[in-house]
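Engineer: predicted model and sequence follow; I will ask about them next.
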Amino acid sequence: MPAPASSQDDLYRQAADTYGAALERLARAYEADGETRRDLLQDIHVALWRSFKGFKGLCSMRTWVYRVAHNVATTHVGRQSRVRSHPLVALEEIELLPDASEGELAAHRRQSLERLLALIQQLEHLDRQVMLAYLEGMDAGAIGEITGLSSRNVATKVHRIKGLLARRFEAGGNDEE
Amino acid sequence: MRNESPPQDMRNVWQNQRTEGIRMSMEEIRNRSGKFEGTIYWRNAREYVAALVVVVFFGFEFWRVPDVLTRVGYGLMIAGMLYLSWQLHRRGSSRTMPAELGLATGLEFFRRELERQRTLVENVWTWYLGPLIPGWVVLTAAFARTNPGHMRHIGLFSGVLNLIGALSFVAVWKMNQRAARRLQRRIDELDALQGQRSARK
């Protein structure tokens, strides 16, 4: 039986509270342009709220939230096809980025994040989903539930991701390829 | 940070990036959802009204003209237009339902999207433009027949027009077929991945 309206609202609120920041990170991985990204994020929130009408608890809330978010973002990418490798940054976003005066460590993290985003945005849909789930700290079982890949495929992909990250972001700063 | 392995380090970088803390109130959610439904409703309404206008126009002409062949042409145009509207309605109403977004895994959803795109590029001529061609051909022939004084002129003009149309048809059809094959290859790859999963269940 579909969730009643109040339960739908409650489920959405709970999901937004728990996964709000993760959804923002996910939207950032799919859309480089700030304005369009905010639109995408709002579309994800609306889709999430609408989807909870049919949530029957057959999978965990986390799996549900990530499936909805990835599927909305996949449609978005298909529609827009304009993830830019060198995104334009709006003023309000610059405020969110660490200042150069924050020190070497902050600058290094910012640079790493920018390069990581550029890397993620080049990936195919399923690889991108696996990469994001890995970065969010999920295990192979959870990644399989979201993507639909077998645990063996997930394990292979995670192994490759780790290798890729190790090569590209090797500690010690020798990370230029 | 430097003491951790690069993959773990990048997980930290990813999870600790700054976010804007964007939140939407329930009112904003409902407004945006309503706006989305409204956009779909008006898009459909525009398509049906356009089809209705064309059907009324051809219906009037069908009733007005005495020539049988011309009436057949208008009849075919009306039938083609109705078929086209039904196809638009069918394809529009097969949109993803909200709960399906949470029920479908990334793989299933992506496969469905590719399949939808493939069907679209493969069949666009048969459901979108094809249904109007018989009416157009019969009307051209009927016009040439009922205006014998202009027969040579009209014949030449319509011959060139038909040739250009046919060449464009073949070119677009070839391009679409190539795109459909590319999409099918991707679908096959996903099926192989899904097959591995089913085989392990």
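Structural biologist: The structure has been received and is ready for your questions. Numbers count the residues shown, from 1 in each chain, chains lettered A, B, ... in the order given.
Engineer: what residues of the one helix or strand A:Leu26 maps to count as buried?
Structural biologist: Element membership for A:Leu26, per DSSP states H and E: helix A:5-30. Within helix A:5-30, the residues that qualify as buried by neighbour count (16 or more other C-beta atoms under 10 Å in any protein chain shown) are A:8-9, A:11-12, A:15-16, A:19-30. For the C-beta atoms, the positions are set from N, CA and C on the backbone; glycine is no exception.
Engineer: where along chain B do the helices fall?
Structural biologist: For chain B, the helices defined by DSSP state H occupy B:6-15, B:26-64, B:68-93, B:100-103, B:106-124, B:133-146, B:151-200.
Engineer: between these, which one is nearest to A:His125?
Structural biologist: Across those, A:His125 has its closest neighbour in helix B:106-124 (5.1 Å, C-beta to C-beta).
Engineer: quick one: the helix or strand just after the helix holding A:Leu26 near chain B?
Structural biologist: Once the chain leaves helix A:5-30, the next helix or strand it forms, by DSSP H and E, is helix A:34-51. Yes: using C-beta under 8 Å from any C-beta of the partner chain, helix A:34-51 reaches chain B at A:38, A:41-42, A:45-47, A:49-51.
Engineer: and the helix holding A:Leu26, what other elements does it pack with?
Structural biologist: helix A:34-51, helix A:61-80, helix A:104-122, helix A:125-135, helix B:26-64 (3 or more C-beta pairs under 8 Å, 6 or more residues apart in numbering or on different chains; DSSP states H and E).
Engineer: would you mind measuring from the closest residue to A:Leu48 other than its chain neighbours to B:Gly80?
Structural biologist: Spatial nearest neighbour of A:Leu48, excluding adjacent residues (C-beta to C-beta, 6 or more residues apart in numbering or on different chains): A:Val68 at 5.2 Å. Look at A:Val68 and B:Gly80: by C-beta to C-beta, to the nearest Å, they are 39 Å apart.
Engineer: so between these two, which is more surrounded?
Structural biologist: A:Val68 (29 against 20; other C-beta atoms under 10 Å in any protein chain shown).
Engineer: residues contacting that one?
Structural biologist: Going by C-beta atoms under 8 Å, 6 or more residues apart in numbering or on different chains, A:Val68 touches A:44, A:47-48, A:51, B:101-102.
Engineer: kindly recompute the last result at 10 Å.
Structural biologist: A:15, A:23, A:44-45, A:47-52, A:55, B:98-104, B:109 (C-beta atoms under 10 Å, 6 or more residues apart in numbering or on different chains).
Engineer: again with B:Met175
Structural biologist: B:Val121.
Engineer: pLDDT value on it, please?
Structural biologist: B:Met175 carries a pLDDT value of 84.
Engineer: quick check: angle from the helix holding A:Leu26 to helix B:6-15?
Structural biologist: 120 degrees (axes from the mean of the first three to the mean of the last three C-alpha atoms, to 10 degrees).
Engineer: out of the helices of chain B, nearest to A:Ala133?
Structural biologist: Short answer: helix B:106-124, nearest of the helices of chain B by C-beta to C-beta, at 9.5 Å.
Engineer: check which helices and strands that closest one sits against.
Structural biologist: For helix B:106-124, the packing partners by 3 or more C-beta pairs under 10 Å, 6 or more residues apart in numbering or on different chains; DSSP states H and E come out as helix A:61-80, helix A:125-135, helix A:140-147, helix B:68-93, helix B:100-103, helix B:151-200.
Engineer: most tightly packed of these?
Structural biologist: helix A:125-135 (a mean of 24; mean count of other C-beta atoms under 10 Å in any protein chain shown).
Engineer: what mean pLDDT does that one have?
Structural biologist: Averaging pLDDT along helix A:125-135 yields 93.
Engineer: that one close to chain B?
Structural biologist: Yes: counting by C-beta under 10 Å from any C-beta of the partner chain, chain B is contacted by helix A:125-135 at A:125-126, A:128-135.
Engineer: next, format those residues as TSV and append distance to B:Pro131.
Structural biologist: Shown next, in TSV, are those (distance: C-beta to C-beta, whole Å):
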residue	distance to B:Pro131
A:His125	34
A:Leu126	37
A:Arg128	39
A:Gln129	39
A:Val130	43
A:Met131	45
A:Leu132	44
A:Ala133	45
A:Tyr134	49
A:Leu135	49
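Engineer: so which of these is the closest to A:Gly148?
Structural biologist: A:Leu126 (8.4 Å).
Engineer: domains in chain A, by residue range?
Structural biologist: Per automatic domain parsing, the domain ranges recorded for chain A read A:1-87, A:90-177.
Engineer: out of these, which comes closest to B:Val68?
Structural biologist: Counting by C-beta to C-beta, B:Val68 lies closest to domain A:1-87 out of those; the figure is 47.4 Å.
Engineer: and that closest one, what's its mean pLDDT?
Structural biologist: On average, domain A:1-87 scores 86.
Engineer: run the chain-centre distance for it.
Structural biologist: Mean-position distance between domain A:1-87 and its chain equals 10 Å (C-alpha atoms, centre = their mean, to the nearest Å).
Engineer: picking up where we left off before, and the residue nearest to A:Leu48, how far from A:Val46?
Structural biologist: 10 Å.
Engineer: list residues touching both of these two?
Structural biologist: Common contact partners of A:Val68 and A:Val46 (C-beta under 10 Å, 6+ apart): B:Pro98.
Engineer: now for the residue nearest the centre of chain A: which residues touch it?
Structural biologist: Nearest residue to the geometric centre of chain A (C-alpha atoms, centre = their mean): A:Leu26, 2.1 Å. Neighbouring residues of A:Leu26 by C-beta under 10 Å, 6+ apart: A:19, A:40-41, A:44, A:65-66, A:69-70, A:72-73, A:128-129, A:132-133, A:136.
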